[in-house]
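Novice: need a 3D model of the following:
(chains A and B)
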Amino acid sequence: MRLEAKQVGFRYQGVTPWILKDVDFVLESGQRIALVGPSGCGKSTLAKLLAGYLEPAEGQILLDGKPLPKKEYCPAQMIGQHPEQAVNPRWKLKKTLTECWSPDEDLLAAMGIEDEWLKRWPSELSGGELQRFCIARVLGPATKFLVCDEISTMLDVITQAQIWKLVLRIAKERQLGLVVVTHNMALAEKVCDQIVALPDINKR
Amino acid sequence: MANDKKGQPLLEVEGLTISFNRYDRGWNKVDLEVIHFLDIEVFPGEILAVVGSSGSGKSLLAHSVLGILPGNANISGTMKYKGKTLTEKLRKKLRGHEIAFIPQSVDFLDPLMKVGAQAKGVKGTDEQMRRVFKRYGLDEKTADLYPFQLSGGMARRVLISTAVMQEPELIVADEPTPGLDLTMAMETLTHFREFADEGGGVLLITHDIDLALGVADRIAVFYAGTTVEVCAARDFQQGKDALRHPYSKAFLDALPQNDFRPIGGTQPYAGNLPEGCLFADRCPQRTEACGQDVPMRDLRGGKVRCAHAT
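Specialist: So this is what the prediction gives:
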């Protein structure tokens, strides 16, 4: 499969300056691309566009040549930067985790998710603990592309290495395509097979 | 970098234990102990970096120094500032003046107040605010913005400005660098270094260990709510063999610029801690001795909580 941004431009409310302009970006299944650049250059905005959370003001986001589906599970899933903002504060975590699919015991153990945590509210877990739920819930079989926006800055380095090992193993097994947004160049080199600097492809 | 441990520590925490009283089932309440017998010291003129697993109680330590833990927290152990026991009254007097706090989350900004006024606080002046904003690369117009109009990196810099406005003696910084790009992050840490060189003390809680190593004097490694090792920053730079605790060694191995190799297992859950060494079930050197209580001991100029470290 192929996830593609075609001549994509984005700005808020049609009056503010362009954040992205004429961006072309192609991700094939099985490819792992790191997206780097200084803060404020539009990395997260492109990530949200690719996962369908924002609509481009110009151009198109295409999945195998067709627009992203609106009324069913989107095969391009995003994992965000702030896990505490990505979970429903009024749902216990079991409900959040099983919203789209039911992860098996092995995956939960590999992610380091304790059984005890499933019964808690999001406010009772740390950022690093919540992020594991956010990652586990999008690893379902219908996911074909993962957009990872700074997913491991709130984790300690051992957990970061553990979780990336697991995500990479699953990505290899299922030929997932990965976009990895990060400030950490060492991490980008370890995790991805290609590094793209956003300012180079953004013609704003 | 001065590290002679001369004189009186600025901040001294001894045997700190924090537990949360929470509802279990119905009206039953249970105590969940999240920090156990934690010791740290910050001396004037030094940066103590605190690293460790997420959920190991790093932020709780910061919040307990400031006295801003929620009401259901029970705290025991002693905390001293310049030799005087930190009581609620003394904390109230010191925080915001002599002790400054840089919180981890940008949610700590008041969403309904312009950031200039927030940074200024009660006692700051416009003059001070302009100077500090300039130092952190914030435009003069930034002062008139509300928090939602700032990018993540700008909000982070406002938080830092707020803390240094009153010329404190101790800065407690809880993850001040995420969201900042490398140059900005490095610059912030350099400011901390200058601040420490002028005689202040910094408790720097961070995940960016490679950056912290460049400025810190000593490193404290946390695991499951306690310190497992305290050592000079250069031990981390020298590599695995200079370190003492197996967890610190594993930490170094897992860095993306090193092997990016994780160890198995997870940190034990606070409600279900094993007897003896907390790291035992993930440790390659485990023996029967690890089932006993493992005290902190001095070793090669640092401190370690491990029966086998040499």
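
Novice: for the longest helix anywhere in chain B, what is the distance to the chain centroid?
Specialist: Identified as the longest helix of chain B according to DSSP state H is helix B:182-197. Put simply, helix B:182-197 sits 16 Å off its chain's centre (C-alpha atoms, centre = their mean, to the nearest Å).

Novice: equivalent analysis for stretch B:43-55, please.
Specialist: Per C-alpha atoms, centre = their mean, the centroid offset for stretch B:43-55 relative to its chain is 5 Å.

Novice: can you check stretch B:81-100 too?
Specialist: Distance, stretch centre to chain centre, for stretch B:81-100: 17 Å (C-alpha atoms, centre = their mean).

Novice: packing partners for whichever helix or strand comes after the longest helix of chain B?
Specialist: With elements assigned by DSSP states H and E, the helix or strand that comes after helix B:182-197 is strand B:201-205. Where contact means 3 or more C-beta pairs under 8 Å, 6 or more residues apart in numbering or on different chains; DSSP states H and E, strand B:201-205 is packed against strand B:29-42, strand B:47-52, helix B:58-66, strand B:170-174, helix B:182-197. (Each C-beta comes from the backbone N, C-alpha and C, glycine too.)

Novice: what strands flank strand B:201-205, and is each parallel or antiparallel?
Specialist: strand B:47-52 (parallel), strand B:170-174 (parallel) (DSSP bridges).

Novice: what angle separates the first one from strand B:29-42?
Specialist: For strand B:47-52 and strand B:29-42, the angle between their directions (axes from the mean of the first three to the mean of the last three C-alpha atoms, to 10 degrees) works out to 140 degrees.

Novice: close to chain B: what parts of chain A are there?
Specialist: Proximity of chain A to chain B (C-beta under 8 Å from any C-beta of the partner chain) is limited to residues A:38-40, A:84, A:112, A:114, A:116, A:126-129, A:150, A:153-162, A:164-165, A:183-184, A:186-187, A:189-191.

Novice: what's the most buried one of the strands paired with strand B:201-205?
Specialist: Comparing the strands paired with strand B:201-205 by mean neighbour count (mean count of other C-beta atoms under 10 Å in any protein chain shown), strand B:47-52 comes out on top with a mean of 27.

Novice: quick one: contacts for the residue in the stretch 51-200 of chain B that chain A sits nearest to?
Specialist: Nearest residue of the stretch 51-200 of chain B to chain A, counting by C-beta to the nearest C-beta: B:Ser54, 2.9 Å away. Going by C-beta atoms under 8 Å, 6 or more residues apart in numbering or on different chains, B:Ser54 touches A:Ser126, A:Gly127, A:Gly128, A:Glu129, A:Met154, A:Leu155, A:Asp156, A:Thr159, B:His207.

Novice: in this structure B:Val172 contacts B:Glu98, no?
Specialist: No - B:Val172 is beyond contact range of B:Glu98, at 11.3 Å (criterion: C-beta atoms under 8 Å).

Novice: sorry, back to before: pretty sure the residue of the stretch 51-200 of chain B closest to chain A sits in a helix.
Specialist: No - B:Ser54 sits outside any helix when classified using DSSP: H, G, I helix; E, B strand; the rest coil, being coil.

Novice: let me know the pLDDT of it.
Specialist: B:Ser54 carries a pLDDT value of 78.

Novice: tell me the average confidence for the helix or strand containing A:Ile163?
Specialist: Here A:Ile163, judged by DSSP H and E, is contained in helix A:157-174. Here helix A:157-174 scores 91 as its mean pLDDT.

Novice: thinking B:Gly45 is in contact with B:Ala196, fair?
Specialist: Yes - applying C-beta under 8 Å, one finds B:Gly45 in contact with B:Ala196, separated by 5.6 Å.

Novice: winner for burial among the helices and strands packed on strand B:201-205?
Specialist: Among those, strand B:47-52 has the highest mean neighbour count (mean count of other C-beta under 10 Å), at a mean of 27.

Novice: tell me the angle it makes with helix B:58-66.
Specialist: Using the same axes, to 10 degrees: strand B:47-52 against helix B:58-66 is 140 degrees.

Novice: can you show me the CA trace of strand B:47-52 as CSV?
Specialist: Once non-C-alpha atoms are left out, strand B:47-52 reads as follows in CSV (Å, rounded to 0.1, in the frame of the first residue of the first chain):
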residue,chain,number,x,y,z
ILE,B,47,23.8,20.6,39.2
LEU,B,48,22.4,17.3,40.4
ALA,B,49,20.7,15.5,37.5
VAL,B,50,18.1,13.0,38.3
VAL,B,51,17.5,10.3,35.7
GLY,B,52,15.6,7.1,35.9
